[in-house]
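1. Predicted model, plus sequence, below.
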Number of protein chains: 2
Amino acid sequence: MSPTKPKSASAPVEALRLDRQLCFALYGAANRVTRLYRPLLDALGLTYPQYLAMLVLWEASPRTVGALGDALDLNSSTLTPLLKRLEAGGLIARARDPKDERRVIVALTDRGAALRDQAATIPEKILCQLDLPLEELGSLRDRLKTVAV
Amino acid sequence: MSPTKPKSASAPVEALRLDRQLCFALYGAANRVTRLYRPLLDALGLTYPQYLAMLVLWEASPRTVGALGDALDLNSSTLTPLLKRLEAGGLIARARDPKDERRVIVALTDRGAALRDQAATIPEKILCQLDLPLEELGSLRDRLKTVAV
DNA sequence: TGCATTTATATCGCACACGATTAAATCGCT
DNA sequence: AGCGATTTAATCGTGTGCGATATAAATGCA
């Protein structure tokens, strides 16, 4: 507790460094992965978040905006403009749910569903560039899922 | 190779799912961590990327924009506006290097340096909320550092 | 010296992310 | 039935991220 002890000053400094390494690593990895996908997604006319949204829709197509937001962990202020761009690109259709006019139902168009075939080659290309053993990839993924839930 | 075999169609689908889980996990974790920091950083008047930039500067203060960009893995089109906002907030000063007028040197102001004390309590609070064993945090961090380098 | 090349930032346009707020529809409770 | 509370999207403003491009300074070499 005495101000002459360096401990009281160095402990927070050390903490800042440790912390930096975790949030840095996550921040940097996310940015780098986005940059890795970009050239592949450009060919499909998709951005990275749009690609993620399409992945969700390819799994199950008629979905409400809220359900999409839950899957992507995004709220409507991010999702609505993104979905409008996908709609403008002819990949999805948006319509109010007649049963509950508060909801908006998002559905793949034929073009959107067909895009899945072109996207099918992407994961393999990414895996090659990541150069991570499948096992490591799996454990990394599982650990990330538990971060800040 | 025959179109009657389901294998030729299900392999890419499976790949899309595996891939989704990795990029999803990374994307989601990065967004969630940013949201975790926000309330703490609001009190300091910093955004999350600004906080990361300050962390770098607290380690070594006079630094060129390029060196900061290397540390943060960001280019000038992202960094320049961010640094201008930190400058407007009185936390840093920007000035051309007299030895090489192409470079811009970024230095902490007294206020910027002093902010470090207020930031010192952040890592501990984040660690509590993350609720991850230190060991796991370390290995996660190290693995993330190798992703898409 | 002269001039093309390289290097270091800055600018611009687009697309996120998010908190705060709004608006409309539905629910719940009496 | 009525009406306040809740739910669901959309809107708005701010701050990233990034590729493409611009600009200016330094470098290199004929």
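-> Right, received. Where do you want to start? All values derive from a computational prediction rather than experimental measurement.
2. going forward, measure contacts and count neighbours with C-alpha atoms only.
-> Will do.
3. buried ones in the helix or strand containing residue A:139?
-> If you go by DSSP states H and E, residue A:139 is part of helix A:134-145. Buried residues in helix A:134-145, defined by neighbour count with 16 or more other CA atoms under 10 Å in any protein chain shown: A:137, A:140-141, A:143-145.
4. what mean pLDDT would you report for the longest helix seen in chain A?
-> Longest helix in chain A, counting residues (DSSP state H): helix A:7-42. The average pLDDT within helix A:7-42 is 85.
5. Next up, the contacts around residue A:104.
-> A:64-65, A:94-97 (CA atoms under 8 Å, 6 or more residues apart in numbering or on different chains).
6. switch to 10 Å and redo it
-> A:63-66, A:93-98 (CA atoms under 10 Å, 6 or more residues apart in numbering or on different chains).
7. what's the angle between the longest helix of chain A and helix B:7-42?
-> 140 degrees (axes from the mean of the first three to the mean of the last three CA atoms, to 10 degrees).
8. does any bit of helix A:7-42 sit next to DNA strand C?
-> No - Helix A:7-42 stays out of contact with DNA strand C when judged by CA under 7 Å from any atom of the strand, the minimum separation being 8.3 Å.
9. hmm, that helix in reach of chain B?
-> Yes - Helix A:7-42 lies within reach of chain B by CA under 10 Å from any CA of the partner chain, at A:9, A:11-37.
10. hmm, which of the residues you listed are the buried ones?
-> Buried, going by 16+ other CA under 10 Å: A:12-13, A:15-34, A:36-37, out of the residues of helix A:7-42 next to chain B.
11. Those also near DNA strand D: which ones?
-> Near DNA strand D, by the rule CA under 7 Å from any atom of the strand, you find A:31-32, A:34 out of those.
12. filter the buried residues of helix A:134-145 by proximity to chain B?
-> Checking those against chain B (CA under 10 Å from any CA), the matches are A:137, A:140-141, A:143-145.
13. between those, which is nearest residue A:103?
-> residue A:145 (27.8 Å; CA to CA).
14. For the closest one, give me the pLDDT.
-> 94.
15. again with the one 3 residues further on
-> Note on residue A:148: pLDDT of 91.
16. Can you tell me the element residue A:147 falls in?
-> Here residue A:147 is assigned to no helix or strand, by DSSP H and E.
17. what about it, how many neighbours?
-> Using other CA atoms under 10 Å in any protein chain shown, residue A:147 is surrounded by 19 other residues.
18. okay, the contacts of residue A:104 in a markdown table with distance to residue B:41 and neighbour count next?
-> Below are these laid out as a markdown table (distance: CA to CA, whole Å; neighbours: other CA atoms under 10 Å in any protein chain shown):
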| residue | distance to residue B:41 | neighbour count |
| --- | --- | --- |
| A:63 | 35 | 17 |
| A:64 | 33 | 18 |
| A:65 | 30 | 20 |
| A:66 | 28 | 18 |
| A:93 | 39 | 19 |
| A:94 | 37 | 19 |
| A:95 | 39 | 12 |
| A:96 | 38 | 13 |
| A:97 | 39 | 13 |
| A:98 | 43 | 10 |
